[in-house]
Structure formats: structure tokens, C-alpha cells
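J.: Model the following, please.
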Amino acid sequence: MSSRNPSGQAFDRLDADFASGSERCAAWLYLPVGVDSPAVVVMGHGFAAQRDFRLPAFAEAFASRGYAVLLFDYRGFGESAGMPRQLVSPRRHLQDWSAAVDHAANLPQIDRQRIALWGSSFGGGHALVTAARRPEVRAVIAQVPYVDSLSTLKRLKPGELLQAAGSGIRDLWRAVTGRDPYTVPVYGRPGEFACMNTPESASGYAALVPPDSAWTNACPARIFLTLPMYRPIASAARIEVPALLLGAEDDELTPLADVEACAARIKNARIARVPGGHFSVYQGAGFDRAMRIYLQFLDRGLGTARHGREAAGSAV
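T.: Numbering: from 1, shown residues only. As a prediction, this is how the structure comes out:
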């Protein structure tokens, strides 16, 4: 598929699936037309989300600026293989991120010396952990990143903690006994039991899902048993490359204070604060503002996107 951003250059989108463990991760490779050995941005989404949940807009903006993009689905999501479906697992997701970096580094069309990571929400935390683990990565961008489960737990009521633990144990028992997962809603309204139930969660998340998507608002409840141990902030001090953390001022899912605390631990970090809530950066003015920040950061951190050419104007 070839396309052109109105203010940028043409790019092609190719299928670029790769193996993670013994299974296949579905991926798209965006290649700017006529750019020799472009830098590449490896992109992954957030909690229980698929690559087609508004991330193509970000990928197209990067590609129209002259960057290649590898945008992938985690195992068990979208067109990727893997069971159970829609299993949210930090361990598995991080394996997929590492496999994506390996795949990007072996793509003949790109400059393997200029690999950047971009992750959003839960995937923002994964991008930070991956940057801490993979020294060949040159830069990392974390959009409204999830960085600290301990902070999340402190905001929950005792009844919510008990319900979450009970649901997780029920799902784990079903897995041990070979039955289908016990699932819980990914998002819900305030007062409803769901993985996300802040005031903006239901409308904000639903707005990301394409109308014809086969995705369902459910994930195996065992995530409640592993999530408390996941703290990307604990890896922050090991990140050596330039990092950009973008936090939203009214974010109740990944509070700005958590993002700032994580950025403070990174040697070479920039914190960008934008108005709005968690989902405001995916569309409209929030998206435009975020993309300007991302492109400026990458242009400075990776050098001019295009080899031997003047960089294009803003892609948004």
C-alpha cells in the first residue's frame, strides 16, 4: 500500500511479520519512498490494544517525515498468533518488544544504527524497559506511559483489590484445569468493575477501536495477579539513551506525577506536559501537539530523518 501525507512524502506500507518465541507477531513496515537507509521507529500499543487502534495515524506521520516504522501486534492480539486471545502479560509483551527490535535490526531497508522505540500507555512502560535492556536502541518515546503498579494499587479501594485478586485466581484455576479463560472488561464506567474505569476510560478507549473491529472488551483476569509486580520505573535508571516521556496533565490512568517521577530517574530524559486526559493525545489537537513534540525529539536525537535531503515540514 502506498500513501502520502498532505504535508509530507510518499510512503509504502508492507507486511513485515516476525517470530516471537514459537509464534508469529503481525507487523506493518512503513517505508518512506526514496529515502536510503532511514532510521526506524518500533511501535507498540497499550493495555489490551491492537495496532490498528489509532496507531497508524502516528506511524503515517513518522513515515511522511522520512522515518521507517515497524508497528506490531502483541501475541494473542489482532492478526498475531497466540493463545489465549487478548492475554495481557508484561512478560510476553516484553518478549515481543525484544523480538521486534531484533527484526528491525535485520531489515535490509533501514539503518540498524538508528533504532528508536515508541510506546503508548502500557506499551510506553514496555518501551522504557526495552530501552533499558537493549543497548543498540538510540532513543525512546513513551506516550502517557504506565510506569508504576505500586502507585496504581495505592489508588484502589480494598473491595476493588479483593475483587481483582479473586478474579485473577479464578482465571488462573481455569487455566490450570484446561478451561477457557475467565475474562474481565478492559474498560468500564466509574463504579463498574473493569481494568480501567476512570471517567474517561469507557468513551476514550472505545473511540480508539475501529467500527469493524473483531476486538472484544475483555481480557483474561490473570493479569491482576502479575500486574502488581510490574514497575517500569524500576528500570528507568538503566536507560542510557535520550528518552522523551509525554504526560497528560489531567490523566487519571497514568498520572502526570508518576511520569515525572520516572523521568527523574533517567539520565537523559525530557518530560513533555500536555493538556488533557489519557486519551486526548490520540486524536485532534492533542495528537497534532504530541506529533510535533515527537518529531522534534527524533530529528534531534537520530539526526535528519532523510539521508542527503532537507527534512520535510511538519507532518501534522
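J.: So M43, which state does it fall into?
T.: Under DSSP: H, G, I helix; E, B strand; the rest coil, M43 falls in the strand class.
J.: is it true that it touches Y74?
T.: No - using CB atoms under 8 Å, M43 is not in contact with Y74; the gap is 11.9 Å. From N, CA and C alone the C-beta is placed, and that goes for glycine too.
J.: Tell me which of the two has more neighbours.
T.: Shown here are M43 and Y74; by other CB atoms under 10 Å, Y74 has more neighbours (31 against 27).
J.: show me what contacts the more buried one?
T.: 25, 44-45, 80, 82, 92-93, 96 (CB atoms under 8 Å, 6 or more residues apart in numbering).
J.: Over to A127?
T.: By CB under 8 Å, 6+ apart, A127 lies in contact with 44, 97, 117-119, 140-142, 145.
J.: and what of A202?
T.: Residues near A202 by CB under 8 Å, 6+ apart: 187-189.
J.: What part of the protein, helix or strand, is modelled with the least confidence?
T.: One helix or strand of the chain scores below all others by mean pLDDT, DSSP states H and E: strand 2-4, with a mean of 56.
J.: So the residue of the chain positioned farthest from its centre versus A100, what's the distance?
T.: Residue distances from the centre of the chain (CA atoms, centre = their mean) peak at T177, which lies 32.3 Å from the mean C-alpha position. To A100, T177 is 33 Å away according to CB to CB, to the nearest Å.
J.: cool, A68 as well?
T.: A68 sits at a distance of 13 Å from A100 (criterion: CB to CB).
J.: Between these two, which is the more surrounded one?
T.: Shown here are A68 and A100; by other CB under 10 Å, A68 has more neighbours (29 against 25).
J.: can you map out the helices along the protein?
T.: Using DSSP state H, the helices of the chain run over 55-63, 90-105, 122-133, 149-154, 158-176, 201-206, 223-226, 256-263, 284-302.
J.: Pull out the buried positions in the third one.
T.: Spelled out, it's helix 122-133. Neighbour counts over helix 122-133 (16 or more other CB atoms under 10 Å) mark 122-132 as buried.
J.: between those, which is nearest S280?
T.: S280 has its nearest neighbour among these in G124, at 15.0 Å by CB to CB.
J.: Am I right that that closest one is in contact with Q143?
T.: Yes - counting by CB under 8 Å, G124 touches Q143, with 5.4 Å between them.
J.: I figured A68 was touching V42, is that so?
T.: No - counting by CB under 8 Å, A68 does not reach V42; the two are 9.7 Å apart.
J.: Would you mind listing where the stretch 1-150 of the chain has pLDDT under the threshold?
T.: In the predicted model, the stretch 1-150 of the chain carries pLDDT under 70 at residues 1-8.
J.: Quick check: closest non-adjacent residue to D102.
T.: The spatial neighbour of D102 that comes closest, neighbours along the chain excluded (CB to CB, 6 or more residues apart in numbering), is F18 at 7.6 Å.
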